[in-house]
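Trainee: Have a look; sequence and predicted model below, questions after that.
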Amino acid sequence: MKKTSKIYYAIAIISLLTIIVIAYFQMLPESITDAQKREQILKMYMNYKKEFPAVQDVSPREAIQLSDTGKIVFIDVREPDEQSVSHLPGAITVDSFLKNPEKYNDYIKVGYCTISYRSGILAQELHQKGIPVYNLGGGLLAWVHDGGKVYKGTEETHRIHVYSKKWNLGPDSYEAVW
């Protein structure tokens, strides 16, 4: 191949990659409505759920109602840096739960994470050990879309931890941290 042809070929490849990158960034969650974000969360979760089909879900709306009764415990499966940004009301870490699961026998146990993939895996493992744990369908992201409040310590916040800009699927009224 001639040197000139190689240069044109390289320019064509760079142009194509530039078009792809621009198209990708135009499809980022920031450019979609809250309703579209909610729909995307549900689609993603339903795809993940295939890995733990026996796990029972609880919808964010049901969990919000249950949290008002005081008969629910949320098990936060996320990493400490994620938990430090915000958490569901009264949430405990998975480590705290696993140290004494019997303490929560009288509670409805609901695992959650950002979109409830990691918590689905945990719920499946615990179910196999005879410990019933529901999975919060759509996780923290679905929770805030359905009007659930999140806290940093005891104070309500509008900050949520997500993996990256691509995962910025919270409502527009929330600040995403990654």
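Mentor: Ah, there it is. No experiment lies behind these values; they were computed from the predicted model shown.

Trainee: Please make it C-alpha for all contacts and neighbour counts, starting now.
Mentor: Will do.

Trainee: where exactly do the helices run in the protein?
Mentor: 3-26, 34-49, 60-69, 80-83, 94-99, 118-128, 139-145 (DSSP state H).

Trainee: Between the two ends of stretch 59-75, how far is it?
Mentor: 15 Å (C-alpha to C-alpha, to the nearest Å).

Trainee: What are the buried residues along that stretch?
Mentor: 59, 60, 61, 63, 64, 67, 72, 73, 74, 75 (16 or more other C-alpha atoms under 10 Å).

Trainee: nearest residue to residue 120 other than its sequence neighbours?
Mentor: In space, residue 120 comes closest to residue 135 once its chain neighbours are excluded; the distance is 5.7 Å by C-alpha to C-alpha, 6 or more residues apart in numbering.

Trainee: Low-confidence regions, this protein specifically.
Mentor: 1-30 (pLDDT under 70).

Trainee: domain assignment for it?
Mentor: The record's domain parsing of the chain by automatic domain parsing lists 1-31, 33-177.

Trainee: From the chain's centroid, how far away is the last one?
Mentor: Taking the mean C-alpha point of domain 33-177 and that of its whole chain, the gap between them comes to 7 Å (C-alpha atoms, centre = their mean, to the nearest Å).
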